[in-house]
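generate coordinates for the sequence data below:
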Amino acid sequence: MELHKIYNEEKFELSDKTRMDDSQIRRKIVKISKVEKPTDIAVLEKSNRDRIIRKLNKEGISIREIERFTGILWGVVYRAIEKAWQ
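Sure, this is the predicted structure:
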């Protein structure tokens, strides 16, 4: 019963962040990376590609969204972002 009481007393706040739709994400990727289409990022030099991936993530685009729009594997995107955490 104590756990239930603690759970009910906690305050949950909703974030002001709104989710971007696909066209907004696509435009943001093109604007930040300065490429013609998001899939062009996959053929860039590794260091340049990873820098762009980190920048996209910093701008609020998730790993899954970066993967989906660029065609770059999830693990590659994750490792590029992970470098910034070290």
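
centroid-nearest residue for this protein?
Taking Cα atoms, centre = their mean, the centroid of the chain lies closest to S62, which sits 2.2 Å from it.

for that residue, give me phi and psi.
Note on S62: backbone dihedrals following degrees, to the nearest 10 are phi -70, psi 160.

for it, give its distance to E45.
Counting by Cβ to Cβ, to the nearest Å, the separation of S62 from E45 is 24 Å. C-betas here are computed from N, CA, C, even on glycine.

do A80 as well
13 Å.

those two - which one has more neighbours?
Neighbours per residue (other Cβ atoms under 10 Å) separate A80 from E45, with A80 holding more: 22 against 8.

tell me the SS of that one?
Classification of A80 by DSSP: H, G, I helix; E, B strand; the rest coil places it in helix.

does it touch L44 like I think?
No. Counting by Cβ atoms under 8 Å, A80 stays clear of L44, with 11.5 Å between them.

roughly how far apart are the closest residue to I41 other than its chain neighbours and T18?
Residue nearest to I41 in three dimensions, not counting chain neighbours: T70, with 4.7 Å by Cβ to Cβ, 6 or more residues apart in numbering. T70 is 22 Å from T18, where distance means Cβ to Cβ.

which of the two has more neighbours?
T70 (25 against 7).

hang on, that one packs against T39?
Yes. Between T70 and T39 there is a contact under Cβ under 8 Å: 6.0 Å.

quick one: low-confidence residue ranges for this protein.
1-17, 86 (pLDDT under 70).

where exactly do the helices run in it?
2-9, 22-33, 46-58, 63-70, 74-85 (DSSP state H).
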